[in-house]
Structure formats: C-alpha cells, structure tokens
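>>> Please find the sequence and the predicted model below.
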Amino acid sequence: MATITPKRHAVVDTSHCVACGACAEVCPRGAITVWKGSYSVVDDGLCIGCGLCAKECPASVIRLEARP
Ligand code: SF4
Ligand code: SF4
C-alpha cells in the first residue's frame, strides 16, 4: 500500500516562540508539543502541512516549508 507523504511541513522558529500553546490546540493531528513551557516542537511524522498552526500563531513564527 502506498504511503501518503505531505509535501509541506510546519517549521517553528523556536528562538521567537512564546510558548502560548495556540498551535498545539488547533493542530488536527496532535503533532505539536509545547516543550517545557519554552517553545513548541512539531512531530514531523504526524504533520500533514495543513497550515492551521501558522494561521493561529500570534508571534508568526511558524512557516510551512516544502519537505526535503
Ligand atoms: S501544519 Fe497542520 S498538521 Fe502540521 S503541525 Fe501545523 S496544524 Fe499540525
Ligand atoms: S502558537 Fe506560535 S508562539 Fe504560540 S506556542 Fe505555537 S509556535 Fe509558539
């Protein structure tokens, strides 16, 4: 069976993340964890590149990038 690989994935600029958790709340895949209250981390294996997290981020620190 073929595996579907999303063309994009979310990338967080962790140095400017304010750890508000808004991205994690909207992610339909549960792919985001706010790490030790300091910044968010995306699980690449779960991210489908939908972009909801980037729309919600108040600090605009999430980009959707093409997967390598
Ligand atoms: S792009 Fe979509 S699936 Fe990926 S981390 Fe953001 S909200 Fe979750
Ligand atoms: S929404 Fe933006 S600022 Fe808030 S935890 Fe997610 S990446 Fe960080």
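Perfect, I can see it now. Ligands and ions are numbered 1, 2, ... in the order given.

>>> which element is Ser54 on?
For the record, residue 54 is Ala, not Ser. Here Ala54 is covered by helix 52-56, with elements defined by DSSP states H and E.

>>> Quick one: mean pLDDT over that helix.
Averaging pLDDT along helix 52-56 yields 98.

>>> buried stuff in it?
Leu52, Cys53, Ala54, Glu56 (16 or more other CB atoms under 10 Å). Quick note: C-beta positions are derived from backbone N, CA and C, even for glycine.

>>> overlap between the residues you listed and the residues near ligand 2?
Glu56 (CB under 6 Å from any ligand atom).

>>> Closest one to Asp43 out of the buried residues of helix 52-56, please.
Cys53 (11.9 Å; CB to CB).

>>> a helix runs through Cys50, doesn't it?
No - using DSSP: H, G, I helix; E, B strand; the rest coil, the assignment for Cys50 is coil, not a helix.

>>> what about Glu25, which helix or strand?
helix 22-26.

>>> Just give me how far the helix or strand that that helix is followed by sits from the chain centre.
Next in sequence after helix 22-26, counting helices and strands by DSSP H and E, comes strand 32-35. Distance of strand 32-35 from its chain centroid, counting by CA atoms, centre = their mean, to the nearest Å, is 9 Å.

>>> what sits up against stretch 44-64?
6-14, 16-18, 20, 22-32, 42, 67 (CB atoms under 8 Å, 6 or more residues apart in numbering).

>>> and it, is it in reach of ligand 1?
Yes - Stretch 44-64 reaches ligand 1 (CB under 6 Å from any ligand atom) through Cys47, Ile48, Gly49, Cys50, Gly51, Leu52, Cys53.
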